[in-house]
Each structure stands twice: as C-alpha cells, then as structure tokens.
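**Student:** Here is a sequence with its predicted model. Questions after.
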Amino acid sequence: MLKQNHRAWVEVDLSAIKHNVRQLKSLLTAPTELMAIVKADAYGHGAIDVSQTAIEAGATWLGVATIPEGIQIRRAGITAPIVVLGATNGVDEIKAIAEYRLQPTICNPKQALIYHEVLSQTVEKVPVHLTIDTGMSRLGVNWQEAIDFVKLVQHLPNLEILSVYSHFATADDSDRTFMQLQIQRFEKVIADLRANGIYPPRIHICNTAAMLSDRQIHYDIVRTGLGIYGLYPAPHFKNIADLRPALTVKARITQVKEIKAGTSVSYGRSFIASQDMKIAIVAIGYADGIPRGLSNRIRVAINGQKVAQIGTITMDQCAIDVTHVPNVNVGDVVTFLGGDSENTADDWANLLGTISWEILCGFKNRLPRINLVKEICDRQESML
Ligand SMILES: *Cc1c(COP(=O)(O)O)cnc(C)c1O
C-alpha cells in the first residue's frame, strides 16, 4: 500500500478529530455554533480531511489564516462558510475573496474602504466579520473606536456584517484578571452598539482555552483550533473535556550500523558512544518537523521498545540507539510522536520552551498525511 513507499509520514486519526469536535460541541448551549479553525493546514493535520470531518461532526464554520488556505478548502468542494482570520488588503486578494466566497476579517476603517472601492466596481456583496481589539493588540480597531467603525462598515453597501468578534491574549492562563478585562471591554462594545440600534447578527470571542474556561462567554460562535486536534491549551483544562490527540509521526529506518566506543554521531559530534553500539539511521529530520532542539533529548518507539534519539537531528535524517533492540531492519517503522512513542506535542513543547501549537504546525506538506480511518477502510476493502 501507499505507506510502503513513504520514508516518513503523519498518520491522522480522523475519528479522534470527530470525537473532539463532538466533545467540544457538547459543552455548547444551542444556538452557539462551532467554528473549526483549520489554518496552517489544520495545525499540520491536513486541512481538507479535517475540514470535512469537523463538518460531519457538527462544526458549521471554518476558520483559516490566509486566502490560499481558504481557496484550497473551497476547491475541495467544501461549501461551509470559511472565515479568513488574517488581514487581506490587496486588490487581488479582495477579488479572490469574492471569487471563492471566502469571508474576510475587516480590521479597520481604511481596510473597509479599500474593500468598498474594489467591490463597488462589481455587484458583489461580500459577507464580512469585524474584529475589535480588546487587549490582544493584534488585528482590529481599538475597542474605544469600535462604534464608529461598525457604523462606517454598516453604510458600505457591498459589505454585509455577519459578525463582530475579538480575541483573547491570556485565555490559557489560570489567572483570569486580564481575560475578565477583555470580556468587560467586549461587552461594553456590544452594549454600546445596541444602544445605537446596531445588532450584529453574531458575536464571538472564544478560542479553545476560553471556551473551556467560561461557558458564559460562548455567545454565538466559538472558534476552536487546538482542542479539535486533541490537545489542551494548558494542563488545568484536562478535566473539562475528554480530548484525544489525532496525530502520529512515523519514519522508516534506512540503515543499521555498528559503531565502536568513542565514535561520534552526526554534525557537531554532540553524541559520542561510550561503548560499542548498534545505531539506526531514520529518514526524518527538522525539515519534516522534528525540531532540531530535541537532539539527544527524546525517546522514540521501535518494535515495541523505547530507545534514545542520539546525535544532532539533521535536516532530513537522524540516528537512534538500537543496541538493545533485536532484529532491526531497513524499512522498520519508528514512531516519533504520538502512538506507541507516547510522546505528546506538550512533552516536546515543554522541552523546547514553546507551545504545542508550534510543534503541530511544524509538520508541513513534506510529510504525506495518511488518514487512519480511510486506511482501515482500504485495508478492509482489499481483504474482501
Ligand atoms: C488561531 C485562532 C483561534 C484558535 O485558537 P486555539 O487556541 O487553537 O483554539 C481562534 N481565533 C483566532 C482569531 C485565531 O487566530
């Protein structure tokens, strides 16, 4: 089968994605909807399959960061609304938004007027989402200027406001002080809008951490990324929902060799054998998403055993210690993340001083995605 040909790959358990979306949805009260955030190729899991699966499990919106990410999903035939969370200002970008029926985030009056100018040459009406900065200091007008901004966009005939939203800076923090301040600012904006007779059709502010931490602020939509991939934004969320990681990273052994005590392994000689050893070279490296900073720091699984990765991880390859593993052969499969390695994206993030989001996004297109559910079906079919 396909797998036999791959040097390294990512296995995605779509049934875990489905489970996670259902778990998260079960925390919502109707009519709150779930937007599956599938930016960065669905956090390394494969945007098209994840989008399809999330929709099957009850997600009704998709969120991406860029226009090409949105186009990729549209071209796959997915018809759900796709919100572009990143900024889009160029004329060609705006035309692509209209052509592919993507829904942009409008961040400020100037951008709104550019949209107005480009779209007024057409008859298109583009659905848009307005973002208000309540403390993240990223995209969006400052919350004090929100009313004028929303009023302005309301009067632009080619823009149809579908929602007004904001984004938290500290929702994963157990200290909720700043999050509360952002909620207050957001609620003040919404109240002031209503006092001005403006009722946005939808409002939303929750990412995964916020939706897990406070049911009072789910509003009309929650925008969940990390949770649908089965990770918790922080350990203190673990008892709120039962989430399962969906991603396993595997690679094949390409050579097995004996080395003598005193021999160094890989660039920079960061590993020196203290005794005679048997090592295996594995066809995966940092260009595939195994961070170089993990060199000499992780254990991986081979033939049911855990062994140490040794020497500096190079761009395409790395070495492991198989001294005590019998019958190691070229073509054998080594699990680096998930599965029988029992390594989690959180483990690696902790080792590196980063966050699980960055570990997951590191697995880019160079690694083929193998959809586990489909693999099992294929296997069953080939057995019939
Ligand atoms: C990425 C992103 C999210 C999803 O965040 P998670 O923490 O992964 O749930 C939600 N909203 C916006 C605006 C984002 O950029």
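**Tutor:** The structure has been received and is ready for your questions. Numbers count the residues shown, from 1 in each chain.
**Student:** show me the residues around whatever residue of the stretch 201-350 of the chain ends up closest to the ligand that make contact.
**Tutor:** Residue nearest to the ligand within the stretch 201-350 of the chain (C-beta to the nearest ligand atom): residue 225, separated by 2.5 Å. All C-beta atoms are positioned from the backbone trio N, CA, C, and that covers glycine. Residues near residue 225 by C-beta atoms under 8 Å, 6 or more residues apart in numbering: 36, 37, 38, 39, 43, 63, 207, 208, 357.
**Student:** Keep only those that also lie close to the ligand.
**Tutor:** Among those, the ones lying near the ligand by C-beta under 6 Å from any ligand atom are 37, 39, 207, 208.
**Student:** For the first one, grab the count of nearby residues.
**Tutor:** Right, the one you point to is residue 37. Using other C-beta atoms under 10 Å, residue 37 has 28 other residues around it.
**Student:** Tell me the pLDDT of it.
**Tutor:** For residue 37, the model assigns a pLDDT of 98.
**Student:** Ramachandran coordinates for it?
**Tutor:** phi -90, psi 110 (degrees, to the nearest 10).
**Student:** how much space between residue 189 and the ligand?
**Tutor:** Distance from residue 189 to the ligand, counting by C-beta to the nearest ligand atom, to the nearest Å: 16 Å.
**Student:** Just give the closest residue to that residue, not the sequence neighbours.
**Tutor:** Excluding the flanking residues, the one nearest residue 189 by C-beta to C-beta, 6 or more residues apart in numbering is residue 146, at 4.4 Å.
**Student:** returning to that earlier point: same list (the contacts of residue 225) but as TSV, adding secondary structure.
**Tutor:** Compiled in TSV, the contacts of residue 225 are given as follows (DSSP: H, G, I helix; E, B strand; the rest coil):
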residue	secondary structure
36	strand
37	strand
38	coil
39	helix
43	helix
63	strand
207	coil
208	helix
357	helix
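**Student:** just to revisit the earlier point, how about the backbone phi and psi for the residue of the stretch 201-350 of the chain closest to the ligand?
**Tutor:** Backbone torsions for residue 225, taken as degrees, to the nearest 10, come to phi -110, psi -80.
**Student:** residues from the stretch 201-350 of the chain in reach of the ligand?
**Tutor:** For the stretch 201-350 of the chain, the residues in contact with the ligand (C-beta under 6 Å from any ligand atom) are 207, 208, 209, 223, 224, 225, 226, 233.
**Student:** let's go with 8 Å and repeat that
**Tutor:** For the stretch 201-350 of the chain, the residues in contact with the ligand (C-beta under 8 Å from any ligand atom) are 206, 207, 208, 209, 211, 223, 224, 225, 226, 227, 233.
**Student:** if you look at the residues you listed, which of them are in helices?
**Tutor:** With helices defined by DSSP state H, the entries of those inside them are 208, 209, 211.
**Student:** per-residue confidence for the second one?
**Tutor:** Each residue has a pLDDT score; the one for residue 209 is 98.
**Student:** Residue 299 too?
**Tutor:** With respect to pLDDT, residue 299 has a value of 98.
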